[in-house]
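**Q** I would like the atomic coordinates for the input below:
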Amino acid sequence: MAPAHRDPRIPAPASGKPWRNAALVGACLVLAALPVLLGASNYLLGLLISALILSGIALAWALLGNLGGMVSFGHAAFFGVGAYASALISARLGVPVLLAIPLAGLCAALSALAMLPTLRLSGPYFALAILAYAQIFRILATEATGLTGGGAGLQRFPGLPTILGLDLGSRTGSYGLLVAMVALSALAYEAIRRSHVGTALRAIAHSEDATRVVGVNSVLLKAWMLLLSAFMTGVFGALNAHIIGFLEPAYAFSGLWSVMPIIAAIFGGYRTVLGPIGGAIVIYLFDQLVAKDLIAVGHQILLGLVLVVMVLIAPNGLLGLLKRRAGGRPHADA
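**A** Sure thing, here's the model as predicted:
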């Protein structure tokens with residue numbers, strides 16, 4: 001019997017050693033511990049905490065963009081829903097914070113159910129539809145004064161607890177918790193990418209029509225990626241809320257939570273697992289330590305210029321550039 005020929009439009013399963021990126025994540029965990037071991041100041045730890053929040057959202061955005069093939073301009077919706085859900089669940093229902101956080105992620109995923117009709121759209125139409133949903137959620141949070149406090153916001157909700165003698169609400173505790181959460185998110189992303197589901201999703205991104213011919217339910221798989229991306233973003237929104245201890249709609253649903261992850265993921269290399277994490281840390285620290293000093297108001301414009309330069313000199317992002325300089329072959333899906 002002649003061997004069956006694979007449709008050239010459908011990519012082969014991810015190659016390489018399955019534990020390679022897991023080892024890289026482990027190495028990154030060791031590097032992440034250095035600021036604490038070296039006695040970094042509270043100011044620097046605060047910057048790194050915010051950078052890690054952005055890393056988690058950038059990773060969630062990259063998961064949707066790389067595997068789901070969908071560009072989202074509305075992740076601020078999931079971030080804000082997760083933040084408010086965790087604050088309200090812990091404050092009004094008395095649920096422990098560490099349980100309220102994953103529940104808030106589920107709430108963010110449930111909010112994404114309202115966006116499922118947009119999966120029939122593609123390209124800029126999907127991106128604009130998700131952006132519209134983000135604005136709707138911001139308006140709802142502003143108008144629901146009895147639940148969210150409206151424009152005045154929420155202030156009275158629990159912070160991160162102390163577990164086994166470690167105060168997670170401290171700078172060191174929050175930093176360690178976020179490092180662990182980003183690492184878990186990266187490992188989950190890697191596991192999905194190397195699975196048969198990841199192969200099917202990459203095939204959908206290459207040619208959705210070809211995958212339908214072989215019986216792949218593209219809408220269902222993209223829906224799962226949207227829900228998972230929303231869950232991840234909601235979890236980091238909840239973590240951020242309990243760290244800063246204050247919420248208002250203009251902040252929780254700010255457009256920056258949609259734009260900054262895109263810049264970070266593309267800058268670092270959104271088709272990789274570690275690219276969005278590194279890109280978020282570099283972009284955020286550059287914005288806070290360099291751009292703010294150069295332009296006090298509207299300093300984000302410099303991020304756009306940096307992104308343009310990066311796209312021109314290294315379309316595969318920072319990670320691809322580093323691999324090329326090291327003599328390695330940049331891989332679009334590494």
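
**Q** Low-confidence stretches in the stretch 151-300 of the chain?
**A** Within the stretch 151-300 of the chain, the stretches falling below the threshold (pLDDT under 70) are 205-215.

**Q** all strands for this protein, in order.
**A** For the chain, the strands defined by DSSP state E occupy 162-163, 166-167.

**Q** Kindly reformat the ones you listed as JSON lines and extend each row with distance to G46.
**A** C-beta: built from backbone N, CA, C; applies to glycine. Converted to JSON lines, these look like this (distance: least, C-beta to C-beta, whole Å):
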{"stretch": "strand 162-163", "distance to G46": "19"}
{"stretch": "strand 166-167", "distance to G46": "15"}
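
**Q** Just name the most buried of those strands.
**A** Mean neighbour count (mean count of other C-beta atoms under 10 Å) peaks for strand 166-167 among the strands of the chain, with a mean of 14.

**Q** what's that one packed up against?
**A** Helices and strands touching strand 166-167, by 3 or more C-beta pairs under 8 Å, 6 or more residues apart in numbering; DSSP states H and E, are helix 171-193.

**Q** ok, and for the helix it packs on, which residues are buried?
**A** 171-179, 181-183, 185-186, 189-190, 192-193 (16 or more other C-beta atoms under 10 Å).

**Q** What helices and strands are in contact with it?
**A** With contacts taken as 3+ C-beta pairs under 8 Å, 6+ apart, helix 171-193 sits against helix 20-37, helix 42-62, strand 166-167, helix 218-244.

**Q** Relative to P276, tell me which of these wins on proximity.
**A** Among the helices and strands packed on helix 171-193, helix 42-62 comes nearest to P276, with 3.9 Å by C-beta to C-beta.

**Q** Give me the neighbour count for S195.
**A** S195: 13 surrounding residues under other C-beta atoms under 10 Å.

**Q** Run through the residues that contact the residue nearest the centre of the chain.
**A** With distances taken as C-alpha atoms, centre = their mean, I57 lies nearest the centre of the chain, 2.0 Å away. By C-beta atoms under 8 Å, 6 or more residues apart in numbering, the contact set of I57 is H75, F79, M232, T233, F236, W257, M260, P261, A280.

**Q** wait, doesn't the last one sit right on P261?
**A** It stands for A280. Yes - look at A280 against P261 with C-beta atoms under 8 Å: they come within range, at 7.2 Å.

**Q** quick one, which of the two is more surrounded?
**A** Taking neighbours as other C-beta under 10 Å, A280 and P261 compare with P261 leading, 32 against 29.
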